[in-house]
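# Attaching a predicted model along with its sequence, questions to come.
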Amino acid sequence: IGLYASKSGDRFVLATDPELETLLPEEDRHFAISLSRNPDLSPPNKDGTAGFIAFQIKIERIIHAPDGTLINSPLDHTLAVFNIAITRTDS
């Protein structure tokens, strides 16, 4: 799962949204946020009995030139990585 955010954080749009270009044009995308499951700690075939689901949230900065064009750079633009688990409750 991925989404993009504006510089001020007032707009978030799913990367798969068909209206992405209209809602948040490339030059206005300043952060990419991804959510991915950790299959080593949380195999999908164990969801019925697992005590938790482990995943990672990664926030990356998107770099643009002054004219708004995207700068693809080999430099790491990762701002934060969070490894998290949601525990199961029987309520």
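Received the coordinates, thanks.

# what's the helix or strand for the residue nearest the centre of the chain?
By C-alpha atoms, centre = their mean, the mean C-alpha position of the chain lies nearest to Ser34, the distance being 1.7 Å. Per DSSP states H and E, Ser34 falls inside strand 31-37.

# Residues touching that strand, excluding its own?
For strand 31-37, the surrounding residues in contact (C-beta atoms under 8 Å, 6 or more residues apart in numbering) are 1-7, 9, 12, 15, 44, 53-62, 79. Placement of C-beta: from N, CA and C, glycine included.

# Likewise for stretch 42-52?
With contact meaning C-beta under 8 Å, 6+ apart, stretch 42-52 is reached by 37, 53-55, 85-88.

# For the residue lying closest to Gly2 once chain neighbours are set aside, give me its contacts.
Excluding the flanking residues, the one nearest Gly2 by C-beta to C-beta, 6 or more residues apart in numbering is Ala15, at 3.9 Å. Residues in contact with Ala15 (C-beta under 8 Å, 6+ apart) are 2-4, 32.

# rerun at 7 Å
2-4 (C-beta atoms under 7 Å, 6 or more residues apart in numbering).
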